[in-house]
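Asker: Here is the input, now give the coordinates:
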Amino acid sequence: MTLAYVALGSNLGDPQRQILDAISALDTLPGTRLLQRSHLYRTPPWGLLEQPPFVNAAVQLDTELPPHALLEALLEIEARAGRVRAQRNGPRTLDLDLLHVDGVRLDDQRLTLPHPRMAERAFVLLPLNDIAPTLPMPAYPTVAERLAQLDTGGCERLA
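Answerer: Numbering: from 1, shown residues only. Next up, the predicted model:
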């Protein structure tokens with residue numbers, strides 16, 4: 001079994017319900033068990049600013065799935081939630097990003113681990129800090145230390 005961390009985001013439909021349903025779906029993946037989930041956070045949009053705020057969360061999984069199989073499972077959960085990839089950084093029913101898999105460094109056409117942009121995004125690190133504040137990050141000592149350097153203005157804990 002391997003620890004894996006997944007970021008969740010939604011800003012279309014009922015974002016909180018989308019996130020909670022996705023967390024439940026993650027816990028039913030073969031050979032996978034949900035260990036922890038963060039609080040839910042309302043966060044301002046990033047990239048494309050003319051869209052509704054997001055609800056974000058993060059989970060820690062214990063999984064037997066190799067990284068690419070886990071990625072495929074995440075994409076399937078997104079598809080079942082009605083995810084359409086129409087616009088980069090645009091609105092979405094559900095976004096699941098594989099952030100980190102313990103002991104894995106990977107950079108190919110489909111997947112880069114650790115996630116190459118997670119250190120730039122408060123909407124990722126804020127929930128990740130709830131469940132893994134001491135997780136090391138490339139170019140930064142830990143999630144908590146990097147989060148302390150980011151602007152979390154406009155982010156609000158929901159539940």
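
Asker: what pLDDT does the residue of the chain most remote from its centre get?
Answerer: Of all residues in the chain, the one whose C-alpha sits farthest from the chain's mean C-alpha position, using Cα atoms, centre = their mean, is E50 at 21.5 Å. According to the model's per-residue confidence, E50 sits at a pLDDT of 79.

Asker: same question, D151
Answerer: Reported pLDDT at D151 in the predicted model: 93.

Asker: do the same with the one 5 residues further on
Answerer: On pLDDT, E156 comes in at 96.

Asker: In this protein, spot the helix with the most residues.
Answerer: The longest helix of the chain (DSSP state H) is helix 67-80.

Asker: Give me the contacts around the helix or strand following it.
Answerer: Once helix 67-80 ends, the next helix or strand along the chain (criterion: DSSP states H and E) is strand 95-101. When contacts are defined by Cβ atoms under 8 Å, 6 or more residues apart in numbering, strand 95-101 is touched by residues 2-10, 22, 58, 67, 70-71, 74-75, 77-78, 83, 111, 113-115, 118, 124, 128, 135. Quick note: C-beta positions are derived from backbone N, CA and C, even for glycine.

Asker: beta partners of E156?
Answerer: When bridges are taken as DSSP bridges, the partners of E156 come out as R42.

Asker: Now do it: how many residues are near it, please.
Answerer: By the criterion of other Cβ atoms under 10 Å, E156 has 12 neighbours.

Asker: Okay, helices next: where are they in this structure?
Answerer: Listed in chain order, the helices of the chain (DSSP H) span 15-26, 67-80, 122-131, 143-147.

Asker: Generate a markdown table for the ones you listed, with mean pLDDT and mean neighbour count as supplementary columns.
Answerer: Formatted as a markdown table, the entries for those read as follows, by pLDDT from 0 to 100; neighbours: other Cβ atoms under 10 Å:
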| stretch | mean pLDDT | mean neighbour count |
| --- | --- | --- |
| helix 15-26 | 97 | 20 |
| helix 67-80 | 96 | 17 |
| helix 122-131 | 97 | 24 |
| helix 143-147 | 96 | 19 |
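
Asker: Select, out of those helices, the one closest to C155.
Answerer: Distances from C155 to each of the helices of the chain were compared using Cβ to Cβ; the shortest belongs to helix 122-131, at 5.6 Å.

Asker: what's that closest one in contact with?
Answerer: Residues lying outside helix 122-131 but in contact with it, judged by Cβ under 8 Å, 6+ apart, are 5, 7, 9, 36-41, 43, 46, 54, 56-60, 97, 99, 115, 118-119, 135, 143-144, 146-147, 150-152, 155.
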